[in-house]
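In: Based on what follows, work out the 3D shape:
(2 chains)
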Amino acid sequence: SQKIEQNSEALNIQEGKTATLTCNYTNYSPAYLQWYRQDPGRGPVFLLLIRENEKEKRKERLKVTFDTTLKQSLFHITASQPADSATYLCALASSSSASKIIFGSGTRLSIRP
Amino acid sequence: DAGVIQSPRHEVTEMGQEVTLRCKPISGHDYLFWYRQTMMRGLELLIYFNNNVPIDDSGMPEDRFSAKMPNASFSTLKIQPSEPRDSAVYFCASSRTGSPTGQYFGPGTRLTVT
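Out: From the prediction side, this is the model:
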């Protein structure tokens, strides 16, 4: 069955360091992958989209990589700040149904001052 | 733009009652999605529409759940009868075909069934 896995344990990072979150998937032929941020009591907010033929995408302090051989995406936040503390969700759209995305369970990130 | 609007924000009801959740997508968006989020199961897609037509309802838990989209600016998710295990946060999201900006989520409706 299709599965998306993210670290269930919270990630605690010192301010200023680079935070790296992992998203692994199985039994998918992804058309693209997205990353969202979710703060407590709010809906997810879209951050980045990377397509299956792209290796890397950047946006300000964010960087996403996509390795379809390893079936893995890495999400990096450089120069992390306490305001980056949130839960980060990865989501995949398969090539057979590109409009429908399935979310991972998310990783909670805490940046300590 | 006001973003995706959901109502009510909180709903507390007794088991067996009918619950109706409402959503107004962003104007111009042709896709609308209903999700449910719980600690145990995470964010699950229930159903989605394209141009007001239901495309995939395979995530709808059972016949007690139904969703409609009578026009491009309004959708409802109904649970009848409600059960305590339906307690969750229900999100509505919308997107536009071909847009690289992902889905826009509403603030969610927190449903508690006692």
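In: hang on, B:Gly16 packs against B:Pro84?
Out: No. With contact defined as CB atoms under 8 Å, B:Gly16 and B:Pro84 do not form a contacting pair (10.4 Å). Where you see a C-beta, it was placed from the backbone N, CA and C, and this is true even at glycine.
In: list residues touching both of these two?
Out: Residues touching both B:Gly16 and B:Pro84 (CB atoms under 8 Å, 6 or more residues apart in numbering or on different chains): none.
In: Can you give the distance of the helix or strand bottoming out on mean pLDDT in chain A from its chain's centre?
Out: Of all helical and strand segments in chain A, the minimum by mean pLDDT, DSSP states H and E falls on strand A:97-103, at a mean of 85. Strand A:97-103 has its C-alpha centroid displaced from the chain centroid by 15 Å (CA atoms, centre = their mean, to the nearest Å).
In: could you point out which element follows that strand?
Out: Using DSSP states H and E, the helix or strand that follows strand A:97-103 in sequence is strand A:107-112.
In: quick one: is stretch B:52-64 near chain A?
Out: Yes. Interface with chain A: stretch B:52-64 contributes B:Ile55, B:Asp56 (CB under 8 Å from any CB of the partner chain).
In: Report the backbone C-alpha coordinates of that stretch in CSV.
Out: In CSV, the C-alpha atoms belonging to stretch B:52-64 read as follows (Å, rounded to 0.1, in the frame of the first residue of the first chain):
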residue,chain,number,x,y,z
ASN,B,52,-18.5,21.5,-8.6
VAL,B,53,-18.4,17.8,-9.5
PRO,B,54,-17.3,15.2,-7.0
ILE,B,55,-14.2,13.5,-8.4
ASP,B,56,-13.0,11.2,-5.6
ASP,B,57,-15.0,10.3,-2.5
SER,B,58,-13.0,7.2,-1.6
GLY,B,59,-11.9,8.8,1.7
MET,B,60,-15.5,9.3,3.0
PRO,B,61,-15.6,7.0,6.0
GLU,B,62,-19.1,5.7,5.5
ASP,B,63,-22.6,6.5,4.4
ARG,B,64,-23.2,8.8,7.3
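In: tell me which residues of it are tucked away?
Out: B:Pro54, B:Asp56, B:Gly59, B:Met60 (16 or more other CB atoms under 10 Å in any protein chain shown).
In: quick one: which of those is nearest chain A?
Out: B:Asp56 (5.9 Å; CB to the nearest CB).
In: Would you mind naming the residues that bridge with the closest one?
Out: Per DSSP bridges, the residues bridged to B:Asp56 are B:Tyr48.
In: Okay, and which of the buried residues of stretch B:52-64 map to helices?
Out: Using DSSP state H, no member of those falls in helices.
In: so what's B:Phe105 up against?
Out: Applying CB under 8 Å, 6+ apart, the residues near B:Phe105 are A:Gly43, A:Pro44, A:Val45, B:Val4, B:Tyr35, B:Phe91, B:Cys92, B:Ala93.
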